[in-house]
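Colleague: Need coordinates for the following:
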Amino acid sequence: MSNNKTLQELTIKDNFMFAAVMMDAENCRRFLELALDIPLERVEVSYEKSIVYHPEYKGIRLDVFARDGKNTHYNVEMQVARDALERRSRYYHSQMDMELLLKGTSYEELPDACVIFICDFDPLGGRKYRYTMEHVCLEAPELPYRDGSRTLLLSTCGENEDEVPEPLVNFLRYVKGVLTNFGDPFVRRLEDSVRQVRASREMEER
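Modeller: Predicted structure coming up:
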C-alpha cells in the first residue's frame, strides 16, 4: 500500500508543505524570531538546497536554508521521527560550514550557523519546548567559547509553558495538530499559507 499523500492531505508537519510555506520570507523570518527569541530585520530563503561534495560521501538536502541581515545562516528541518538527531545535527553543521567558507578565506570570516529541528516528539526527554545547544568548556563553563554554531531542538511535546513565549507554544501545538483555535496571528498566517499551497496547481504538480 502506498504511503504517498496528495497535496490536499499535507499539513505543516509534512516536509514538502513546511518547506513551501517557509519559502515566504516573512513566514520564515517570524518563525526564526520565535525560535531564537530575537528580532530579525530581514531573511533570505533558499528552497530545498542540496549540498553534495563527493559522490562517495553522503550529501544533504536542506528543507529550508536561510540567512539573515547579519549573514547568520539557518537550516530548518521538520522531524517526525528520531534519526540519530544529535549526530545528524553535527553533520549538517559540518556540511554547511564547507559551503560557507571559500578557499583562501580566513576562518574569522566563517558565518554563524544554526541548525533547527522541529520535532514531533521529545528529543531529549526533558519535557521542554525548546532545547538550545552551544559548545562550552566543561572545566570552566563560565568562560566564553564562541565558535558561532548553535543547534535548536524544538519539541511539540513540551510541558514548560511558563518558560517559553506563548506564540512559540502556539506554533508547536499547531504543528502537533492539537491547536484548533487559530487566534494566534502567526498561526493564522501559516494556516492561510497552507491553504494557498494546497490551491496551487504548480505545487500540486511538484
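Colleague: buried ones in the lengthiest helix in the chain?
Modeller: Longest helix in the chain, counting residues (DSSP state H): helix 85-100. Within helix 85-100, the residues that qualify as buried by neighbour count (16 or more other C-beta atoms under 10 Å) are 85, 88-89, 92-93, 95-97, 99-100. (Glycine included, C-beta is placed from N, CA and C.)
Colleague: do the same with stretch 185-200
Modeller: Neighbour-count burial for stretch 185-200, with 16+ other C-beta under 10 Å as criterion, is recorded at 186-187, 189-191, 193-194, 197-198.
Colleague: One more: stretch 139-150?
Modeller: Buried residues in stretch 139-150, counted by 16+ other C-beta under 10 Å: 149-150.
Colleague: Determine how far it lies from the middle of the whole chain.
Modeller: Here the centre of stretch 139-150 is set off from its chain's centre by 23 Å, with C-alpha atoms, centre = their mean, to the nearest Å.
Colleague: what does that stretch rub up against?
Modeller: 93, 110-115, 132-137 (C-beta atoms under 8 Å, 6 or more residues apart in numbering).
Colleague: can you give me the helices in the protein?
Modeller: Counting by DSSP H, the segments of the chain that form helices are 15-22, 25-36, 85-100, 166-176, 185-198, 201-205.
Colleague: returning to that earlier point: can you tell me which of the contacts of stretch 139-150 is closest to residue 125?
Modeller: Closest approach to residue 125 among the contacts of stretch 139-150 (C-beta to C-beta): residue 133, at 14.7 Å.
Colleague: I'd like the distance between the closest one and residue 45.
Modeller: Distance, residue 133 to residue 45, using C-beta to C-beta, to the nearest Å: 23 Å.
Colleague: Residue 172 too?
Modeller: 21 Å.
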